[in-house]
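Trainee: Sequence and predicted structure, then a few things I'm wondering about:
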Amino acid sequence: MTSSRSLTTGLLLASAGSIAFSGKAIIVKLAYRHGVDAVTLIMYRMLFALPLFVAMAWWASRGQPALSTRDRWGILGLGFSGYYLASFLDFWGLQYISASLERLILYLNPTLVLVLGWLMYGRGITLRQGTAMAISYAGVVLVLGHEVQFQGGWGAVGALLVFGSALSYAIYLVYSGEMVKRLGSLRLVGLASTVACLLCIAQFVLLRPLDAALVAPPVIWLSVLNAVACTVTPVLLVMMAIERIGAGLTAQTGMIGPLSTIAMGVVLLDEPFNAWIIAGTVLVMGGVVLVTRAR
């Protein structure tokens, strides 16, 4: 009975976390309707998330040994790659492509981790894994080709930016394994995300005049919602899910993410829902599932 209840709770937490993560793209697209740019928008998101991540890092660091010099440099690097650069490229790319295509590209992350493992550590890629990757990328190309017909070259630019975001986060995943073992996931996420928040705020100060912070009130409220509901809360939900059902099942439950993004995009953004989107989504998700199972 206890095991069944834990499984149900874990699946609900993982589903809620995945949906909350996916809502980020919808909120960003809604904010862009008010004339804000990527640098300003991500600054506000990270400004409101900063106190929460600082609190997370403080809580997870209680009673823990001080950080070594090696860990400090590691946190700076992971914060830059996994949270600052990945987030900024994602926000920038969303200026040019639909939320649905953005989520499909980000969902390619396991395939990028696989390729990085081959390039950096010589881990083999089987024929089944290679075929599965080809299926996933064919799905993205299918949806992208349809969008480029309407967006022109900027659609391809947006897709490349979001792909860069996925690659940056994959680098974070590959390098974070040993640090997670030493520091714990909550402490590492809190510290690395704090670094990313400070970098995003500094980027705004360096690249924009201060009066650029004067934005429409809906942008502020959307940024608060993004910071709380789509940035910090999903991290906690997914971690609690992993404690109950493990990382593998939590990752599989994350398949609901692209589907929820497509649904919210259709309802809230009036994005198209057609045979191209359906076919591309099936290919991407099917290929990722095959890659994950093969691993």
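Mentor: The structure has been received and is ready for your questions. Numbers count the residues shown, from 1 in each chain.

Trainee: Show me where the stretch 1-150 of the chain dips below the pLDDT cut-off.
Mentor: Along the stretch 1-150 of the chain, the model assigns pLDDT under 70 to residues 1-3, 149-150.

Trainee: Is Thr111 in contact with Val291, as I believe?
Mentor: Yes. Under the criterion of C-beta atoms under 8 Å, Thr111 makes contact with Val291 at 5.5 Å. Backbone N, C-alpha and C define where each C-beta goes, glycine included.

Trainee: Find residues that contact each of these two.
Mentor: Residues touching both Thr111 and Val291 (C-beta atoms under 8 Å, 6 or more residues apart in numbering) are 132-133, 136.

Trainee: and Leu142, how many neighbours?
Mentor: Leu142 is flanked by 19 other residues according to other C-beta atoms under 10 Å.

Trainee: who are the neighbours in contact with the closest residue to Ala279 other than its chain neighbours?
Mentor: In space, and not counting its chain neighbours, Ala279 is closest to Leu142: 5.9 Å by C-beta to C-beta, 6 or more residues apart in numbering. Neighbour list for Leu142: 276, 279-280, 283 [criterion: C-beta under 8 Å, 6+ apart].

Trainee: The strand or helix carrying Leu142: how far from the chain's middle?
Mentor: Using DSSP states H and E, the element containing Leu142 is helix 127-151. Mean-position distance between helix 127-151 and its chain equals 19 Å (C-alpha atoms, centre = their mean, to the nearest Å).

Trainee: quick one: average pLDDT of the next helix or strand after it?
Mentor: Sequence-wise, the next helix or strand downstream of helix 127-151 (DSSP H and E) is helix 153-183. Average pLDDT, helix 153-183: 86.

Trainee: Which strands and helices lie in contact with the helix or strand just after helix 153-183?
Mentor: For helix 153-183, the succeeding helix or strand toward the C-terminus, using DSSP H and E, is helix 185-207. Counting contacts by 3 or more C-beta pairs under 8 Å, 6 or more residues apart in numbering; DSSP states H and E, helix 185-207 is packed against helix 38-61, helix 69-78, helix 86-93, helix 153-183, helix 233-253.

Trainee: let's see it at 6 Å
Mentor: helix 38-61, helix 69-78 (3 or more C-beta pairs under 6 Å, 6 or more residues apart in numbering; DSSP states H and E).

Trainee: The longest one: which residues count as buried?
Mentor: By neighbour count with 16 or more other C-beta atoms under 10 Å, helix 38-61 contains the buried residues 38-50, 52-53, 56-57, 60-61.

Trainee: now the angle from that helix to helix 86-93?
Mentor: With axes from the mean of the first three to the mean of the last three C-alpha atoms, to 10 degrees applied, the angle from helix 38-61 to helix 86-93 works out at 160 degrees.

Trainee: Grab the CA positions of helix 38-61 and hand them over as PDB.
Mentor: Extracted C-alpha coordinates of helix 38-61, given in PDB (Å, rounded to 0.1, in the frame of the first residue of the first chain):
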ATOM      1  CA  ALA A  38      15.300  38.700 -24.300                       C
ATOM      2  CA  VAL A  39      18.000  40.500 -22.200                       C
ATOM      3  CA  THR A  40      15.400  42.400 -20.200                       C
ATOM      4  CA  LEU A  41      13.000  39.500 -19.900                       C
ATOM      5  CA  ILE A  42      15.500  37.000 -18.600                       C
ATOM      6  CA  MET A  43      16.900  39.600 -16.200                       C
ATOM      7  CA  TYR A  44      13.400  40.000 -14.600                       C
ATOM      8  CA  ARG A  45      13.000  36.200 -14.400                       C
ATOM      9  CA  MET A  46      16.300  35.700 -12.700                       C
ATOM     10  CA  LEU A  47      15.900  38.800 -10.400                       C
ATOM     11  CA  PHE A  48      12.700  37.300  -8.900                       C
ATOM     12  CA  ALA A  49      14.200  33.800  -8.800                       C
ATOM     13  CA  LEU A  50      17.400  34.900  -7.100                       C
ATOM     14  CA  PRO A  51      16.100  35.000  -3.500                       C
ATOM     15  CA  LEU A  52      14.500  31.600  -3.800                       C
ATOM     16  CA  PHE A  53      17.700  30.000  -5.200                       C
ATOM     17  CA  VAL A  54      19.800  31.700  -2.500                       C
ATOM     18  CA  ALA A  55      17.400  30.300   0.100                       C
ATOM     19  CA  MET A  56      17.700  26.800  -1.500                       C
ATOM     20  CA  ALA A  57      21.500  27.000  -1.500                       C
ATOM     21  CA  TRP A  58      21.600  28.100   2.100                       C
ATOM     22  CA  TRP A  59      19.200  25.400   3.200                       C
ATOM     23  CA  ALA A  60      21.100  22.600   1.400                       C
ATOM     24  CA  SER A  61      24.500  23.900   2.700                       C
END
